[in-house]
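>>> With the input below, show me the fold.
(one chain, ligands or ions: 1)
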Amino acid sequence: MPTDVAATTAPALIEASNLSVRRGAVPVLDHIDLALQAGEIVCIIGPNGSGKTTLLRALLGLIPAQDGTVTRRPGLRVGYMPQRLAIDPTLPITLDRFLGLSRNGGSAARRQAMQETGIAHLADRPMQGLSGGETQRALLARALLNQPDILMLDEPAQGVDVNGQVELYELIGRIRRERGCAVLMVSHDLHLVMAATDRVICLNGHICCTGHPEDVSRDPAYLSLFGPRAARALAVYQHHHDHHHTPGGGVVPLHEDSTLENSGENAGENAGCTHPHHGHHHYHHG
Ligand SMILES: Nc1ncnc2c1ncn2[C@@H]1O[C@H](COP(=O)(O)OP(=O)(O)OP(=O)(O)O)[C@@H](O)[C@H]1O
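Prediction:
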């Protein structure tokens, strides 16, 4: 039975302690505690405006903390895939040139990253002509260029069709396994990420609940935040997953009695976690 990796004693790759962040006068993140360990795959879920992007950027040091601390392991290499790609439409640029704008890696690293993400055949195509899915892979390839210890992916599957989403999450899982890097990603694709992550962080300004997807799926705060969607994600999760993945990639069968009892019928009834700053913290580990 896998335990919460964050509970181990290994030094964290990144750790936030009592982190609070404001944007302008508005409090966006409220006393966040989290630690990311080598090799784990963690997903941040939460409604629009709940502070997911802000959390990633604060962990990267791009946004200052009002309170608390962010500690990154010395020499940590991070590959960041931002939510949006800003390219000047009047300046055509090929995929290979786009990757070359990154100061990380040379042409061999670019080729490897393109091959790994399945876009090597597009190297000489203009970025502006790539499809939504191809663009997301280009951003992922760029994030791989500096051989990251951790990938931080902000809604990697946005603008990608349903089949493409499944493939993209599989690709992310494969990259994680083959490179041994950690992954911290923001996603709205509950049904896909619940089945594919070691740990879920449910964010709404504060951490509403966190832990193994199976535990989070049962949590009233999760069901309250996502309503009927949560129940549907849970159904998919139940249907497809009769096993756990250990952090090392092993497969451990679920106990027979561990079928999820909460059908989600009460989704939306618990309003204890609908406002970023009026909720309470309750953490679940393991
Ligand atoms: N530069 C900024 N100045 C002022 N407020 C900001 C700024 N950036 C973000 N915010 C506000 O902070 C809050 C959190 O935004 P953030 O982008 O982190 O949320 P999110 O959970 O990633 O949302 P989404 O799911 O829509 O991408 C929002 O209310 C947003 O309006």
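>>> What parts of the stretch 101-250 of the chain come near the ligand?
Within the stretch 101-250 of the chain, no position is near the ligand by Cβ under 6 Å from any ligand atom. All C-beta spots, glycine's among them, are computed from the backbone N, C-alpha and C.
>>> And for G118, the neighbour number?
16 (other Cβ atoms under 10 Å).
>>> With adjacent residues omitted, what lies nearest to R229?
Closest residue to R229 in three dimensions, ignoring its sequence neighbours and counting by Cβ to Cβ, 6 or more residues apart in numbering: L190, at 5.9 Å.
>>> so the one you found makes contact with C43?
No: between L190 and C43 there is no contact under Cβ atoms under 8 Å: 9.2 Å.
>>> Could you chop the chain up by domain?
14-77+148-238, 87-147 (the TED database).
>>> export these to a markdown table and tack on mean pLDDT?
As requested, those are exported to a markdown table (pLDDT from 0 to 100):
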| stretch | mean pLDDT |
| --- | --- |
| domain 14-77+148-238 | 89 |
| domain 87-147 | 91 |
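>>> Tell me which of these is the most buried.
Most buried of the domains of the chain, by mean neighbour count (mean count of other Cβ atoms under 10 Å): domain 14-77+148-238, with a mean of 20.
>>> Tell me which stretches of this protein form strands.
14-23, 26-36, 41-45, 67-72, 78-81, 150-154, 182-186, 199-204, 206-211, 243-245, 251-253 (DSSP state E).
>>> Those strands into CSV, with extra columns for distance to G164?
Formatted as CSV, the strands of the chain follow (distance: least, Cβ to Cβ, whole Å):
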stretch, distance to G164
strand 14-23, 29
strand 26-36, 27
strand 41-45, 18
strand 67-72, 32
strand 78-81, 16
strand 150-154, 15
strand 182-186, 16
strand 199-204, 22
strand 206-211, 28
strand 243-245, 23
strand 251-253, 26
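>>> S217 is nearest to which of the ones you listed?
Closest of these to S217 is strand 199-204, at 8.4 Å (criterion: Cβ to Cβ).
>>> Give me the helices and strands touching the closest one, please.
Where contact means 3 or more Cβ pairs under 8 Å, 6 or more residues apart in numbering; DSSP states H and E, strand 199-204 is packed against strand 41-45, strand 206-211, helix 213-218, helix 220-240.
>>> Need the residues that contact the first one.
Outside of strand 41-45, the residues within contact range by Cβ atoms under 8 Å, 6 or more residues apart in numbering are 36, 52, 55-56, 172-173, 176, 182-188, 190, 193, 196-203, 226.
>>> Pairing partners for the residue nearest the centre of the chain in the sheet, please.
The centre of the chain sits closest to M185, judged by Cα atoms, centre = their mean, with a distance of 1.2 Å. Here M185 sits in beta bridges with C43, L153, going by DSSP bridges.
>>> From Q66, how far out is it?
25 Å (Cβ to Cβ, to the nearest Å).
>>> Can you get me a residue count around P11?
12.
>>> wait, what's in contact with the nearest residue to it once chain neighbours are set aside?
Excluding the flanking residues, the one nearest P11 by Cβ to Cβ, 6+ apart is R73, at 6.2 Å. By Cβ under 8 Å, 6+ apart, the contact set of R73 is 11-14, 149.
>>> Looking at those, spot the one nearest V21.
Closest to V21, out of all of these and judged by Cβ to Cβ, is I14, at 14.8 Å.
>>> how much space between the closest one and R72?
Per Cβ to Cβ, I14 is found 5 Å from R72.
>>> Common neighbours of these two, please.
Common neighbours of I14 and R72, using Cβ under 8 Å, 6+ apart, are L59.
>>> And the helices in the stretch 1-150 of the chain, which stretches?
Here the stretch 1-150 of the chain has its helices, by DSSP state H, counting those that start in this stretch, at 52-60, 95-100, 107-116, 132-144.
>>> Any idea how far the first one is from the middle of the chain?
It refers to helix 52-60. Relative to its chain's centre, helix 52-60 lies at 11 Å (Cα atoms, centre = their mean, to the nearest Å).
>>> For stretch 13-21, list the C-alpha coordinates in PDB.
Output in PDB follows, covering the C-alpha atoms of stretch 13-21 (Å, rounded to 0.1, in the frame of the first residue of the first chain):
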ATOM      1  CA  LEU A  13      12.600  19.100  -4.200                       C
ATOM      2  CA  ILE A  14      10.400  22.000  -3.300                       C
ATOM      3  CA  GLU A  15       8.700  22.900  -0.100                       C
ATOM      4  CA  ALA A  16       6.200  25.600   0.700                       C
ATOM      5  CA  SER A  17       5.600  26.300   4.400                       C
ATOM      6  CA  ASN A  18       2.800  28.500   5.500                       C
ATOM      7  CA  LEU A  19       2.800  30.200   2.100                       C
ATOM      8  CA  SER A  20       0.400  33.100   1.600                       C
ATOM      9  CA  VAL A  21       0.300  35.200  -1.600                       C
END
